[in-house]
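Enquirer: generate coordinates for the sequence data below:
(2 chains)
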Amino acid sequence: MKSIHPLTSIRGASAVQIMFGIVIIAALFAFPQFVESPYALHMMILFFLSTLMGSSWNIIGGYTGQYSVGHAAYFGTGAYTTMILLTTKEIPPWQGMWIGMFAAVIVALIVGSICFRLRGPYFVLASIAVAEIVRITALNLTDLTKGAEGILVTDIPPFKIGELLITDFASKVPYYYIALVLALAIILVTWLVQHSKLGYYFQAIREDQDAAHSLGINLTIWKNTPLVISAVFTSLAGSFYAIFIKFIDPTTVLPLDLSVQIVLISIIGGIGTIWGPVVGSLVLVPLSEALRSNVIAQWLINSGMVDAESGTGVFLKEHLAHAHVLIYGILVVVVILFMPEGVMGYVKKLAAKKKGGEA
Amino acid sequence: MTFSVLLQSIISGMLVGGVYALIGIGLTIIFGVMRVINFAHGDIMMVGMYLTFFLFTLLGIDPFVSVLITMPLMFLFGALMQKVFINRVLSALPQNQILLTIGLGLIMSNSAMLAFTSDYKILTTSYSSSSYSLGGISISQPLLISFLITCAITVGLYWFLMRTDTGQAIRATAQDREAAQLMGINVKWMSILSFGIGSAMAGTAGALIAPTYYIFPQVGSAFTLKAFVITVLGGMGSIIGATLGGIIIGLVESVSAVTISSEWKDVVVFAIFLLVLLIKPSGLMGKSRL
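Expert: Below is the predicted model of the structure:
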């Protein structure tokens, strides 16, 4: 069990650490000025998006200990609200996303009122059931959502404040900055949660909800609060995804697989830590993209390990791209069996061992 | 809607429910003995479906006969999975157990996709679309056969658990793991055995459903969810509960498909699931364990 950090150790972050943070953030903001490759930008955007989704889940799953496996519901609510408002009412996404967040809050409160009466595995099952109901509803309300056909937009209206044009979304650069700001925002929120009274309530519920309750922590309020925070940011991720990919349907923004992937980002990195989802994304995004874009199959062939013309070579080239989720499966099994605290926890443990060995 | 349409849907719901019961029984035995919720259950069933498909297309073995091969193979598959993976997390947090089985499920479904592509496969036998007619109500032949096999397996399993020494040892382990161990029962072996049995049940259900259902790598997750609904409805860990739950869910699906619409039938199922969780989380047969 993780101990709750005393306030002093956080406020007392060393000057070196603060400087290091500032340099990294500055480098991330300068990145598009030096790198023009759309592919590199695309990868960075996926990394930020993954961090956003993972960290959002981390607030309810990692800090409060409520393992929701239904976060696709909030992602999909954000994505669908933004897209429906854009295509039917011509409401631009940066206005639609607020309505999406509001809709996600309502969904979250409904989920909370049903699922928070349940504990442990029953909570997990209930959260899945609610998300599946949302998915099937989106699939069947064809008038509103176009059902399985999905919603496609070709043009995103330019972002204007008054007459001032902020961006026309012509390249990947504006998406890069939006995703970066969202990722930094969720990291800041996580930091605030970890170091505030709010966070202590959440963590107390995670460690022992009966004890927390007996100490006067209102479980209804302090379970729903992190869920709402989590839902709001997951919905933002959904809205962002919708305008970035410009196409959504129930099988891309609402499936059970997505809920599972959202959980795994934190699990693999290390749950209940600020940097866990960031580390998880650093591991997962490049790996699954490498599989998806066939880099691995190509590398195996180029390195001479597999002959391109042989049966294996052809097979790898044709199929490996379809199995990028496989890596999630393998990683989660390895993490649960060998590093239950996630990659972060494992590295810390190794470091502590080394230190202990030297002393 | 006429009465005969309703009767028709009740009968086909019962028949499908029998196979659902088999899936649910597998899940409930695993939960009963190990307190592990197996999120890979539907994927194990998917493996059984592919096994049946290839036994049929490559060796020409009839899907219902191939149960005799599928069942022992899937037993070994499950026993191995328990020994290598599940055994290591028996005392871990329930969340971590769930995540491990989710991971194993992802590995199974994505490996199947890697090996067989995500194309839908259909197993067509000579009797796939034939049916018996009984007073204006038609009964699908493959569904009827699979229902009868399901009944035979369920009765056999029940006899095994109630009447044999090993069965009693499994039930004792489910009742109180530590006390069972103190009585000299090899609980590790019982866990392997019951995961094997659970996996064999799921695999057999896959074999039985193969002639009437599309076979594709992601078919499992829908059945995993169904298995949860069935076992929670019946009461986690109760075999009679899972049997009842399976038939009830089969009926609900098929009746709501004709009375409401087939698009919304899963919503009805999940709504019932949530209601059970809220009103009586212990399920219909809550108290009894195996």
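
Enquirer: the strands in the stretch 101-250 of chain B, which residues?
Expert: With DSSP state E, counting those that start in this stretch as the criterion, the stretch 101-250 of chain B has strands at B:131-134, B:137-140.

Enquirer: can you lay out the ones you listed as TSV showing mean neighbour count?
Expert: No exception for glycine: its C-beta is placed from N, CA and C like everyone else's. Putting the strands of the stretch 101-250 of chain B into TSV (neighbours: other CB atoms under 10 Å in any protein chain shown) gives the following:
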stretch	mean neighbour count
strand B:131-134	10
strand B:137-140	16
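
Enquirer: figure out which of those is closest to chain A.
Expert: Proximity to chain A (CB to the nearest CB) singles out strand B:137-140 among the strands of the stretch 101-250 of chain B, at 25.5 Å.

Enquirer: can you give the contact residues for that closest one?
Expert: By CB atoms under 8 Å, 6 or more residues apart in numbering or on different chains, the residues outside strand B:137-140 that reach it are B:4, B:7, B:8, B:11, B:12, B:15, B:130, B:131, B:132, B:133, B:212.

Enquirer: any idea which element residue A:166 lies in?
Expert: Secondary structure assignment for residue A:166, by DSSP states H and E: strand A:164-167.

Enquirer: ok, back up a step: of the contacts of strand B:137-140, grab the buried ones for PyMOL.
Expert: The buried residues among the contacts of strand B:137-140 can be selected in PyMOL (16 or more other CB atoms under 10 Å in any protein chain shown) with this line:
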select buried, chain B and resi 8+11+12+15+212
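
Enquirer: Serialize the contacts of strand B:137-140 to TSV and add fields for distance to chain A.
Expert: Output for those, formatted as TSV (distance: CB to the nearest CB, whole Å):
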residue	distance to chain A
B:4	27
B:7	27
B:8	24
B:11	26
B:12	21
B:15	24
B:130	32
B:131	29
B:132	33
B:133	33
B:212	22
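
Enquirer: which of the contacts of strand B:137-140 sits closest to residue A:103?
Expert: Residue A:103 has its nearest neighbour among these in residue B:12, at 38.4 Å by CB to CB.

Enquirer: how about the contacts made by that closest one?
Expert: Here residue B:12 is in contact with B:139, B:140, B:143, B:254 (CB under 8 Å, 6+ apart).

Enquirer: on that earlier part again, what's the mean pLDDT across the strand holding residue A:166?
Expert: Mean pLDDT, computed over strand A:164-167, is 72.

Enquirer: now do the buried residues in whichever helix or strand comes after it.
Expert: The element immediately downstream of strand A:164-167 (helix or strand, assigned by DSSP H and E) is helix A:173-194. Residues A:173-180, A:182-184, A:186-187, A:189-190, A:193-194 are the ones in helix A:173-194 that count as buried (16+ other CB under 10 Å).

Enquirer: give the other helices and strands that the strand holding residue A:166 contacts.
Expert: strand A:159-161, helix A:173-194 (3 or more CB pairs under 8 Å, 6 or more residues apart in numbering or on different chains; DSSP states H and E).

Enquirer: okay if I get the contacts of residue B:12 as a markdown table plus distance to residue B:174 and pLDDT?
Expert: Formatted as a markdown table, the contacts of residue B:12 follow (distance: CB to CB, whole Å; pLDDT from 0 to 100):
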| residue | distance to residue B:174 | pLDDT |
| --- | --- | --- |
| B:139 | 36 | 84 |
| B:140 | 36 | 85 |
| B:143 | 32 | 87 |
| B:254 | 32 | 90 |
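
Enquirer: of all those, which comes closest to residue A:131?
Expert: Looking across these and measuring by CB to CB, the closest to residue A:131 is residue B:254, at 24.3 Å.

Enquirer: other residues contacting stretch A:349-359?
Expert: Counting by CB under 8 Å, 6+ apart, residue A:341 sit against stretch A:349-359.

Enquirer: for it, C-alpha coordinates in PDB please.
Expert: The C-alpha coordinates for stretch A:349-359 follow below in PDB (Å, rounded to 0.1, in the frame of the first residue of the first chain):
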ATOM      1  CA  LYS A 349      12.200  -0.600  -6.500                       C
ATOM      2  CA  LEU A 350      15.300  -1.400  -8.600                       C
ATOM      3  CA  ALA A 351      16.800   1.900  -7.800                       C
ATOM      4  CA  ALA A 352      16.100   1.400  -4.100                       C
ATOM      5  CA  LYS A 353      17.700  -2.100  -4.200                       C
ATOM      6  CA  LYS A 354      20.800  -0.700  -5.900                       C
ATOM      7  CA  LYS A 355      21.100   2.000  -3.300                       C
ATOM      8  CA  GLY A 356      20.500  -0.500  -0.500                       C
ATOM      9  CA  GLY A 357      23.100  -2.800  -2.000                       C
ATOM     10  CA  GLU A 358      25.700   0.000  -2.100                       C
ATOM     11  CA  ALA A 359      25.100   1.200   1.500                       C
END
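
Enquirer: how far out from the middle of the chain is it?
Expert: 32 Å (CA atoms, centre = their mean, to the nearest Å).

Enquirer: from residue B:248, how far off is residue B:17?
Expert: To residue B:248, residue B:17 is 7 Å away according to CB to CB, to the nearest Å.

Enquirer: higher neighbour count, those two?
Expert: Using other CB atoms under 10 Å in any protein chain shown, the more surrounded residue of residue B:17 and residue B:248 is residue B:17, with 26 against 22.

Enquirer: who are the contact partners of the spatially closest residue to that one that is not a sequence neighbour?
Expert: Closest residue to residue B:17 apart from its sequence neighbours, by CB to CB, 6 or more residues apart in numbering or on different chains: residue B:250 at 2.3 Å. By CB under 8 Å, 6+ apart, the contact list for residue B:250 reads B:13, B:14, B:15, B:16, B:17, B:18, B:19, B:20, B:21.

Enquirer: mind putting these in TSV, distance to residue B:159 and pLDDT included?
Expert: Output for the contacts of residue B:250, formatted as TSV (distance: CB to CB, whole Å; pLDDT from 0 to 100):
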residue	distance to residue B:159	pLDDT
B:13	27	90
B:14	22	91
B:15	23	91
B:16	24	91
B:17	21	93
B:18	18	91
B:19	20	92
B:20	21	93
B:21	16	93
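
Enquirer: buried among those? Make that a PyMOL selection.
Expert: Buried residues among the contacts of residue B:250 (16+ other CB under 10 Å), as a PyMOL selection:
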select buried, chain B and resi 13+14+15+16+17+18+19+20+21
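
Enquirer: which one of the contacts of residue B:250 is nearest chain A?
Expert: residue B:20 (16.4 Å).

Enquirer: for the stretch 151-300 of chain A, what spans make up the helices?
Expert: With helices called from DSSP state H, counting those that start in this stretch, the stretch 151-300 of chain A shows them at A:173-194, A:197-207, A:209-214, A:219-245, A:250-253, A:256-269, A:276-292, A:295-302.

Enquirer: so is the fourth one next to chain B?
Expert: What that stands for is helix A:219-245. No. With CB under 8 Å from any CB of the partner chain as the criterion, chain B is not reached by helix A:219-245; the gap is at least 14.9 Å.

Enquirer: before we move on, the earlier item: between the contacts of residue B:12, which is closest to residue A:321?
Expert: Distances from residue A:321 to those, taken by CB to CB, are shortest for residue B:143, at 37.6 Å.

Enquirer: quick check: closest non-adjacent residue to that closest one.
Expert: residue B:15 (4.2 Å).

Enquirer: same thing with residue A:292?
Expert: Going by CB to CB, 6+ apart, residue A:292 has residue A:324 as its nearest residue, at 4.3 Å.

Enquirer: make a markdown table out of the helices of the stretch 151-300 of chain A and add distance to residue B:92 and mean pLDDT.
Expert: A markdown table is the format used below for the helices of the stretch 151-300 of chain A (distance: least, CB to CB, whole Å; pLDDT from 0 to 100):
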| stretch | distance to residue B:92 | mean pLDDT |
| --- | --- | --- |
| helix A:173-194 | 24 | 91 |
| helix A:197-207 | 16 | 85 |
| helix A:209-214 | 19 | 86 |
| helix A:219-245 | 23 | 92 |
| helix A:250-253 | 32 | 89 |
| helix A:256-269 | 13 | 89 |
| helix A:276-292 | 18 | 87 |
| helix A:295-302 | 31 | 74 |
